[in-house]
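Asker: need coordinates for the below:
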Amino acid sequence: MLIRVFRTLTFALACLLTSQGVFAADKPFRIGTLAPKNSLYHRQLLEVGEAWRAAQGGNAKYVVFPDGSQGGEAELARRMRIGQLQGALLSVVGLNEIEPSISALQSMPLLFKNWEEVDYVREKMRPAMEKKFLDKGFIVLAWGDAGWVRFFSKEPVFRPDDFKKMKFFSFSGESEQQEIMKSLGYTPVPLETADILPAVQTGMINVVPSTPYFALATQVFNTAPNMLEINWAPVVGALVVTQKAWDDMSPAGQQALKSAGEKAGAQIRNKARQEVEEAVEAMKKRGLVVNKPNTEQLREWTDLAEKLYPRIRGNLVPAETFDEVFKHLKAYRSGKK
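Answerer: Residues are numbered from 1 along each chain as shown. Below is the predicted model of the structure:
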């Protein structure tokens, strides 16, 4: 009888401890990102971790792996699936590995004219997007962005045809995008992010589509010192954690993580947009040349984007999602918000 009572009490204690979250024991909460160490994004992840660790209590541990030390974005998504990482700060490249419809926010060149349009469309699509991620076993904690993609090259570029004699960096996992580029006469070279700088230095590639902040942080501009000043596409992303990791947390840990994540997302959006032009000015002082296309050249870029849309719809972006983006954008521009 005493043994039975002891077993019952032991089981109840185990349940109580489990309800506090397994991360209160010795299992670290691991977050991966390609963001450089000490960057805005890395600092925000550390702040999120401190808030979560304090709320989770016990000996909870939180570790951030910056600089792509856990692999490229496709690899980060894979590591989350097998439990080697509990979360990641990803751009659309990595998020697309989880839910392809997310690519609509970043894979449609020259579609968005400003951040207000991006914010409006993203907010309209956010609830459905987050539900899709949840159905795949992931919780979206925050949405962020990292500025506009611009083109950094070794030689000056003003019009689309100038790029046809050059070799582009392309994310290794984006085979469909590479095929579209090839069909238009361009030469993509699939690489991981960590390989960009040595590839530029050795001549393997001579064009890097990048945000100004990333170009500055990685010193890409030193070997590709020409920047084409067009806002090709916004770089958007999200901080996600796995459903399993979420379920293993205490309620207090969940609430702290969600609140801190939302705060970090707002900080990233606001500061990243400010730092775009600050990064450009910093690079200009160190030799960057900014090339501004004229009206005729801009028309050529717009024509290229319009040629790309039919290829993107149903390939890079699911047709239904593609149409939804255009619907929301049309409503915003017509004032029917």
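
Asker: how near is the closest residue to Pro36 other than its chain neighbours to Ser103?
Answerer: Leaving aside its sequence neighbours, Pro36 sits nearest to Ala217 (C-beta to C-beta, 6 or more residues apart in numbering; 4.6 Å). For every residue, glycine as well, the C-beta is placed using N, CA and C. Between Ala217 and Ser103 the computed distance is 24 Å (C-beta to C-beta, to the nearest Å).

Asker: of those two, which one has the most company?
Answerer: Legend: neighbour count by other C-beta atoms under 10 Å for Ala217 and Ser103, higher for Ser103 (24 against 20).

Asker: any idea how far the more buried one lies from Gly137?
Answerer: Using C-beta to C-beta, we find Ser103 at a distance of 19 Å from Gly137.

Asker: over to Ile102?
Answerer: 15 Å.

Asker: quick check: phi and psi at the most centrally placed residue in the chain.
Answerer: Residue closest to the average C-alpha location in the chain (C-alpha atoms, centre = their mean): Ser91, at 1.2 Å. Dihedral angles phi and psi of Ser91 (degrees, to the nearest 10) take the values phi -90, psi -180.

Asker: just the one 3 residues further on next, same as before
Answerer: Main-chain torsions, Gly94, degrees, to the nearest 10: phi -80, psi -40.

Asker: skipping adjacent residues, who's closest to it in space?
Answerer: The nearest residue in space to Gly94 (C-beta to C-beta, 6+ apart) is Glu73, at 3.0 Å.

Asker: give me the more crowded residue out of Ile102 and Gly137.
Answerer: Ile102 (27 against 14).

Asker: give me the secondary structure label for that one.
Answerer: The three-state label given to Ile102 by DSSP: H, G, I helix; E, B strand; the rest coil is helix.

Asker: is it in contact with Leu95, as I believe?
Answerer: Yes. Assessed by C-beta atoms under 8 Å, Ile102 is found in contact with Leu95 at 4.5 Å.

Asker: overlap of the contact sets of these two?
Answerer: Ala238 (C-beta atoms under 8 Å, 6 or more residues apart in numbering).

Asker: residue contacts, Arg286?
Answerer: Residues in contact with Arg286 (C-beta under 8 Å, 6+ apart) are Phe221, Asn222.

Asker: ok, it to Lys258 distance?
Answerer: From Arg286 to Lys258 the distance is 40 Å (C-beta to C-beta).

Asker: return the alpha-carbon coordinates of stretch 184-202 using CSV.
Answerer: Output of stretch 184-202 as CSV, limited to C-alpha atoms (Å, rounded to 0.1, in the frame of the first residue of the first chain):
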residue,chain,number,x,y,z
LEU,A,184,15.7,35.3,-69.3
GLY,A,185,19.4,35.0,-70.2
TYR,A,186,21.0,35.5,-66.8
THR,A,187,23.6,33.2,-65.1
PRO,A,188,22.8,32.3,-61.4
VAL,A,189,25.4,30.6,-59.3
PRO,A,190,23.8,28.7,-56.4
LEU,A,191,25.7,29.2,-53.1
GLU,A,192,25.2,29.4,-49.4
THR,A,193,25.4,32.7,-47.7
ALA,A,194,28.7,32.0,-46.0
ASP,A,195,30.2,31.5,-49.5
ILE,A,196,29.3,34.9,-50.9
LEU,A,197,32.3,36.9,-49.9
PRO,A,198,35.0,34.4,-51.1
ALA,A,199,33.0,33.8,-54.3
VAL,A,200,33.0,37.5,-55.1
GLN,A,201,36.7,37.7,-54.2
THR,A,202,37.7,34.9,-56.5
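
Asker: picking that back up, now the residue nearest to the centre of the chain, nearest residue through space, not along the chain?
Answerer: The shortest distance from Ser91 to any non-neighbouring residue, by C-beta to C-beta, 6+ apart, is to Gly237 (4.2 Å).

Asker: could you look up the SS state of that neighbour?
Answerer: Going by three-state DSSP: Gly237 is strand.

Asker: in this structure it contacts Ala88, no?
Answerer: No. With contact defined as C-beta under 8 Å, Gly237 and Ala88 do not form a contacting pair (9.6 Å).

Asker: identify the contacts common to the two.
Answerer: Common contact partners of Gly237 and Ala88 (C-beta under 8 Å, 6+ apart): Gly94.

Asker: quick one: low-confidence ranges for the chain?
Answerer: In the predicted model, the chain carries pLDDT under 70 at residues 1-26, 336-337.

Asker: please enumerate the strands of it.
Answerer: For the chain, applying DSSP state E gives strands covering 29-33, 62-65, 87-91, 138-153, 167-171, 187-191, 207-210, 226-242, 289-291.

Asker: ok, Ala146 - how many residues close by?
Answerer: Neighbours around Ala146, by other C-beta under 10 Å: 25.

Asker: cool, Ala260 as well?
Answerer: 23.

Asker: which one is it nearest to, not counting chain neighbours?
Answerer: Excluding the flanking residues, the one nearest Ala260 by C-beta to C-beta, 6+ apart is Ala51, at 3.7 Å.
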